[in-house]
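Participant: Provided below for reference: sequence and predicted model.
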Amino acid sequence: MDKNKSIETLQYFITGLSNGAFVHKVQGQILNAAGFTKLGKKYTTHYDEEMGWVAQFIDRLLDLGGEVKVEDRPAVTLVSDPVQYIKCDLQRQTEGVEMLRKCVAELHDDPTTYDIMKAYLKDEEEDQYWSETALDVINKIGEQNWLLTQL
């Protein structure tokens, strides 16, 4: 097992996911303030779920003897339009899931980290499917009709 590879991967996801989770939290509050309370709640509660994964990654990194780092958060442009936000989020999810698949494959010699990351991959795929389904429904019933369901 390459312990350093596992530690580096976990740190990468600790930083990236905590940053992404914070964006979801802020976007959820923006959507909620705009009156889209169902969609806002989806993203604000998603923050808690994602931070649960961050906690698991931190625990595993510490188990491996690594040192957790709190790294800089890059600036992110926030999106006030709900449908545009789902499109932007889907693009990030699609890219992230593909990269995550590669990372998981590289961790096969560390069964514990592999299992954690594999479960996280499954969760991210479910999030990707939700966004794809939401955009499909929007295309079928129209943006305004869909937005009404998010009030």
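Facilitator: Structure received.
Participant: how about the nearest residue to residue 83, chain neighbours excluded?
Facilitator: Leaving aside its sequence neighbours, residue 83 sits nearest to residue 143 (C-beta to C-beta, 6 or more residues apart in numbering; 5.6 Å). (Each C-beta comes from the backbone N, C-alpha and C, glycine too.)
Participant: was I right about the one you found contacting residue 81?
Facilitator: No: judged on C-beta atoms under 8 Å, residue 143 makes no contact with residue 81 at a distance of 9.5 Å.
Participant: Give me the neighbour count for residue 149.
Facilitator: Other residues near residue 149 come to 13 when the count uses other C-beta atoms under 10 Å.
Participant: That one contacts residue 36, correct?
Facilitator: No: using C-beta under 8 Å, residue 149 makes no contact with residue 36, being 9.6 Å away.
Participant: With residue 51 as the reference, measure out to residue 72.
Facilitator: Residue 72 is 18 Å from residue 51, where distance means C-beta to C-beta, to the nearest Å.
Participant: So between the two, which is more surrounded?
Facilitator: Between residue 72 and residue 51, counting by other C-beta under 10 Å, residue 51 is the more crowded of the two (16 against 7).
Participant: who does the host helix or strand of residue 39 touch, helix- and strand-wise?
Facilitator: Mapping residue 39 onto the secondary structure by DSSP states H and E places it in helix 37-63. Taking 3 or more C-beta pairs under 8 Å, 6 or more residues apart in numbering; DSSP states H and E as the contact definition, the neighbouring helices and strands of helix 37-63 are helix 3-33, helix 111-141.
Participant: Done for today, thanks.
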